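*Asks:* take this sequence and fold it.
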Amino acid sequence: MAIIKNGVNGTVSGKAGSVVFVSTKTGNYVRSLPSVKKREPTPKQLLSRKRFKIERSHISQLKPIINMGYKVYSYPKRAYDIAMSYNLNKALIQEEDGFVVDWSKFMIAKGSPNPITSYTMDFDQENQVLQVTWEYDAYLEEKFDTGSYDSFLILYNAADHGGGYPLVMNDLKSSLMSGKQNVEIPKNRKEVTYEVYIFFIESYGGGNTDSLHLGTLKV
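*Replies:* Predicted structure coming up:
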């Protein structure tokens, strides 16, 4: 906005339309505003944006879990930022037309090594209950003192990007040493594919293990 100083006969300063009024020691001038040219993004820039968008969509849906699972690992930085950085570099596979997520490498939690050595998943379709049982490495459990850590069993509806029930997790928590965890799965109107993860966390948030991708479950 242009401003007139000292009445109608005074000097003008500021911007008016496509010109700008400039007052200097040698006099008053009118300059045209520089034109702003919008450059089309390069193919490399478009690919980078697509890569970032894909990763952000999943991290945003998983944010409540990410905030727990990366809390200690990311300190003093934000859990969200560290999870984005890690998974951008480790869990995306480039294909001809873009990127896909490698869910076996995608991490919803980072911490001490996950001690699970073997596991089974059994789904009771009538009662809509998934039970996971596992064996664990006693050496890792003792080294990191994770035996009493609570288990978090997470089911993520990745294909729908949050459609229906994007996240399902256990209400009642078992410990690592118990070797089993159940989770009730709400009924959906259509078939849903869940990516299944588990990690273990100290009751008062002092530490946690890495997450482990257990596989895919269609319900």
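*Asks:* for the protein, just list every one of the strands.
*Replies:* 2-4, 12-16, 19-24, 27-32, 92-95, 98-101, 116-124, 129-136, 150-156, 167-169, 180-184, 193-201, 212-218 (DSSP state E).
*Asks:* show me what the last one is packed up against.
*Replies:* Secondary structure elements in contact with strand 212-218, counted by 3 or more C-beta pairs under 8 Å, 6 or more residues apart in numbering; DSSP states H and E, are strand 116-124, strand 193-201. Where C-beta positions appear, they are placed from N, C-alpha and C, glycine not excepted.
*Asks:* and the angle from it to strand 129-136?
*Replies:* 150 degrees (axes from the mean of the first three to the mean of the last three C-alpha atoms, to 10 degrees).
*Asks:* what's the offset of strand 212-218 from the middle of its chain?
*Replies:* Offset of strand 212-218 from its chain centre (C-alpha atoms, centre = their mean, to the nearest Å): 18 Å.
*Asks:* give the buried residues for it.
*Replies:* The neighbour-count check on strand 212-218 (16 or more other C-beta atoms under 10 Å) flags 212-214, 217 as buried.
*Asks:* repeat for the fifth one
*Replies:* If you call a residue buried by 16+ other C-beta under 10 Å, then strand 92-95 has these buried ones: residue 92.
*Asks:* tell me the strands beside it, with direction?
*Replies:* Sheet pairing of strand 92-95 (DSSP bridges) gives strand 98-101 (antiparallel).
*Asks:* still on that earlier bit, among the helices and strands packed on strand 212-218, which is the most enclosed?
*Replies:* Among the helices and strands packed on strand 212-218, strand 193-201 has the highest mean neighbour count (mean count of other C-beta atoms under 10 Å), at a mean of 23.
*Asks:* that one packs against which elements?
*Replies:* Using 3+ C-beta pairs under 8 Å, 6+ apart, strand 193-201 is in contact with helix 63-69, strand 116-124, strand 129-136, strand 150-156, strand 212-218.
*Asks:* list the residues that contact residue 44.
*Replies:* By C-beta atoms under 8 Å, 6 or more residues apart in numbering, no residues touch residue 44.
*Asks:* hmm, back to that, looking at the helices and strands packed on strand 212-218, which is nearest to residue 175?
*Replies:* When these are compared by C-beta to C-beta, strand 193-201 sits nearest residue 175, at 8.0 Å.
*Asks:* ok so, going back, which one of the strands of the chain lies closest to residue 109?
*Replies:* strand 193-201 (4.1 Å).
*Asks:* and that closest one with strand 180-184, angle?
*Replies:* Going by the same axes, to 10 degrees, strand 193-201 makes 130 degrees with strand 180-184.
*Asks:* got the angle between strand 193-201 and strand 116-124?
*Replies:* Going by the same axes, to 10 degrees, strand 193-201 makes 130 degrees with strand 116-124.
*Asks:* export strand 193-201 as PDB, just CAs?
*Replies:* Taking C-alpha atoms only, strand 193-201 is exported to PDB below (Å, rounded to 0.1, in the frame of the first residue of the first chain):
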ATOM      1  CA  THR A 193      -5.700 -56.000   5.300                       C
ATOM      2  CA  TYR A 194      -3.700 -55.200   8.400                       C
ATOM      3  CA  GLU A 195       0.000 -55.000   8.800                       C
ATOM      4  CA  VAL A 196       0.800 -56.600  12.200                       C
ATOM      5  CA  TYR A 197       3.500 -55.300  14.500                       C
ATOM      6  CA  ILE A 198       4.700 -55.900  18.000                       C
ATOM      7  CA  PHE A 199       7.100 -54.200  20.400                       C
ATOM      8  CA  PHE A 200       7.600 -54.000  24.100                       C
ATOM      9  CA  ILE A 201       7.700 -50.900  26.300                       C
END
